[in-house]
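Peer 1: How does the following fold in three dimensions:
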Amino acid sequence: MAYYLIALVVFLVDQGSKYLIATRLELAEQIPVIGDFFLITSSRNRGAAFGILQDQLWFFIVVTLLVVIGIIWYMRKVTAEGHKLLPVALSLVLGGALGNFIDRIVMGEVVDFLQFNFGTYTFPIFNIADSCIVIGVGLIILDTILDGKREQARSGLESSRKEGNE
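Peer 2: Predicted coordinates:
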């Protein structure tokens with residue numbers, strides 16, 4: 001149940017931040033946070049990451065529903081198996097996916113507002129949901145690597161035991 005609470009907190013923080021941006025800033029309005037490096041910039045995205053797949057609303061709705069169902073199913077499975085890191089990662093992805101999903105359903109677009117500039121390069125503007133999805137995917141990759149190392153260690157230990165018995 002704690003993992004669904006994490007997803008709910010992500011969802012609420014994401015939706016709250018987007019509400020503040022959408023209601024307090026004009027589209028394209030900017031608030032410098034750290035000079036020209038980090039700005040709060042009111043933006044809308046009708047596509048996916050980096051603006052790809054613009055105006056494919058039904059595609060995003062179907063894909064998100066499938067992803068959410070898959071995450072909930074898999075989270076129940078790995079939680080029952082005693083995993084700790086993987087359900088947290090899946091919770092972050094779930095909360096973020098639902099946050100962007102609600103934007104698409106209600107407004108037909110996603111509210112983005114976190115802008116980072118690296119010299120003359122501006123990283124595509126994103127939001128809290130996007131951040132949680134990326135962090136969640138990173139933790140899934142980390143868990144996969146750690147699980148592989150644990151499996152290697154177990155295999156090595158079993159091999160040592162077999163050699164000791166011979």
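Peer 1: Please count neighbours and contacts with C-alpha atoms only from this point.
Peer 2: OK.
Peer 1: confidence score at residue 161?
Peer 2: For residue 161, the pLDDT comes out at 69.
Peer 1: for this structure, which helix is longest?
Peer 2: When the chain is scanned for its longest helix (criterion: DSSP state H), the result is helix 128-165.
Peer 1: tell me how far that one is from the chain's mean position?
Peer 2: Between the centre of helix 128-165 and the centre of its host chain there is 20 Å, according to C-alpha atoms, centre = their mean, to the nearest Å.
Peer 1: just stretch 18-29 next, same as before
Peer 2: 22 Å.
Peer 1: so how far does that stretch reach from one end to the other?
Peer 2: One end of stretch 18-29 sits 14 Å from the other (C-alpha to C-alpha, to the nearest Å).
Peer 1: what does it contact?
Peer 2: Counting by C-alpha atoms under 8 Å, 6 or more residues apart in numbering, the neighbours of stretch 18-29 from elsewhere in the structure are 41, 42, 43, 44, 111, 112, 113, 127.
Peer 1: Also stretch 56-76?
Peer 2: By C-alpha under 8 Å, 6+ apart, the list of residues contacting stretch 56-76 from outside reads 46-47, 86-87, 90-91, 94, 97-98, 101, 104-105, 108.
Peer 1: Check pLDDT for those residues and point me to the minimum.
Peer 2: Least confident entry in those, by pLDDT: residue 47, with 85.
Peer 1: Assumed that residue was part of a helix.
Peer 2: No: the assignment for residue 47 (DSSP: H, G, I helix; E, B strand; the rest coil) gives coil, which keeps it out of a helix.
Peer 1: need the contact list for it.
Peer 2: Neighbouring residues of residue 47 by C-alpha under 8 Å, 6+ apart: 53, 54, 55, 56, 57, 109.
Peer 1: again, 6 Å this time
Peer 2: Residue 47 makes contact with 53, 54, 55 under the criterion C-alpha atoms under 6 Å, 6 or more residues apart in numbering.
Peer 1: quick check, the first one in a helix?
Peer 2: No: using three-state DSSP, the assignment for residue 53 is coil, not a helix.
Peer 1: Distance-wise, check it relative to residue 108.
Peer 2: 13 Å.
Peer 1: and those two? which has more neighbours close in?
Peer 2: Of the pair residue 53 and residue 108, residue 108 is the one with more neighbours under other C-alpha atoms under 10 Å, namely 18 against 13.
Peer 1: and the more buried one, backbone torsions?
Peer 2: phi 80, psi 10 (degrees, to the nearest 10).
Peer 1: any idea how far residue 13 is from the residue nearest in space to the middle of the chain?
Peer 2: Central residue of the chain (C-alpha atoms, centre = their mean): residue 133, 0.7 Å from the mean position. In this structure, residue 133 lies at 14 Å from residue 13, with C-alpha to C-alpha as the measure.
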